[in-house]
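Participant: Requesting a structural model of the entry that follows:
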Amino acid sequence: MANFDTITKTQARTHPMDFVNLCFKFRQQDVAFLEVITPEQPTVEMHQADMLIKVRLNGREVLIHFEFQTTDSYEPDMALRMAGYISRTVETYMVPVYSSVIYLRPDAGRRDPGYYRQDIAGHQILIEYQVLRLIEMDGEQILEANPIGLIPFIPLMKRPVGVSAEEWLRRCVQTADSIDVPNKPAYLGSLAVLGNLVYAPETILNIILEETMHQPAIVEYLAEEAHQQGVQQGARETAREDILEVLALRLQPDTAETFKPTLEAIEDLQRLKQLLRAAALADTLEDFTQALGSNQN
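Facilitator: Below you'll find the model as predicted:
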């Protein structure tokens, strides 16, 4: 999900307080922005947390942690991944952490419990986090608040009763176009790329062309996005094929294909490159299975 990943992180880095307010559901808080932190994990197997924002909350420094998910997470599931992110973040920065996972697709996150629990007598563990599904958020309320960083996400939110999907998208585009940002085509392009999770690309492009004065620039931006997406997709397909070929040559040819469905569900190109290295180093299928099940983003 290279494009979605880049867009979500760019908006959060550029407008961090909009996402902090989202974490607290826009309730009044005594909170002051301090900095956006670039997370660092101790090994390449442990992926970075998507976004860490340091704020002063009621006079105390805390971290606001976000994970952006397009789809549900498996192997490991999201609860286990979040437990790992939260534990490592607390250990690294030694301050309280407020963690949330934001699900972009309307059908994602419905089974996320919002906690990781281990029920072993004398060894109980409970790590909680907030589950934010965009489709469950009141899009009109957030649109009226006009948070610049969240506007590109609003087409994915719940629209008002009686408002058609196309009318809602048009209102979102009109609001985005009215906002003063340095690079308007890129800003509108972010809305368009995220909107592709729900709307047909031609519908989004037509509405943007009808409602804005940035026709040539937005077409050029979206064409470049489409090109980059194609390049990324090709690289991912090549990496998956290389992994299966290495496993087949080094280990068991018949068994290697069983990994294909799991590999096809992985969109992170860097993760696939790590797995290619793991396949080359694995002495047994169990070694590769363990690498496949390690923390991923």
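Participant: for the stretch 101-250 of the chain, what spans make up the helices?
Facilitator: Secondary structure of the stretch 101-250 of the chain, counting by DSSP state H, counting those that start in this stretch: helices at 139-145, 165-178, 184-195, 201-211, 215-250.
Participant: can you pull the buried residues of stretch 24-38?
Facilitator: By neighbour count on 16 or more other CB atoms under 10 Å, the buried set for stretch 24-38 is V31, V36, I37. Every C-beta, even on glycine, is put in place using the N, C-alpha and C of the backbone.
Participant: got the CA coordinates for that stretch in PDB?
Facilitator: Provided in PDB are the C-alpha atoms of stretch 24-38 (Å, rounded to 0.1, in the frame of the first residue of the first chain):
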ATOM      1  CA  PHE A  24      -9.100  12.400  21.700                       C
ATOM      2  CA  LYS A  25     -12.200  12.600  19.400                       C
ATOM      3  CA  PHE A  26     -12.000  16.400  19.300                       C
ATOM      4  CA  ARG A  27     -12.800  16.700  23.000                       C
ATOM      5  CA  GLN A  28     -11.300  19.700  24.700                       C
ATOM      6  CA  GLN A  29      -7.800  18.800  26.100                       C
ATOM      7  CA  ASP A  30      -5.000  20.700  27.600                       C
ATOM      8  CA  VAL A  31      -2.500  19.500  25.000                       C
ATOM      9  CA  ALA A  32       0.400  21.300  23.300                       C
ATOM     10  CA  PHE A  33       2.400  19.900  20.300                       C
ATOM     11  CA  LEU A  34       6.100  19.300  20.900                       C
ATOM     12  CA  GLU A  35       7.400  17.300  17.900                       C
ATOM     13  CA  VAL A  36       6.900  14.500  15.400                       C
ATOM     14  CA  ILE A  37       9.300  11.600  16.200                       C
ATOM     15  CA  THR A  38      10.800   9.300  13.600                       C
END
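Participant: Burial-wise, tell me which of the helices of the stretch 101-250 of the chain comes out on top.
Facilitator: Ranked by mean neighbour count, these are led by helix 184-195 with a mean of 22 (mean count of other CB atoms under 10 Å).
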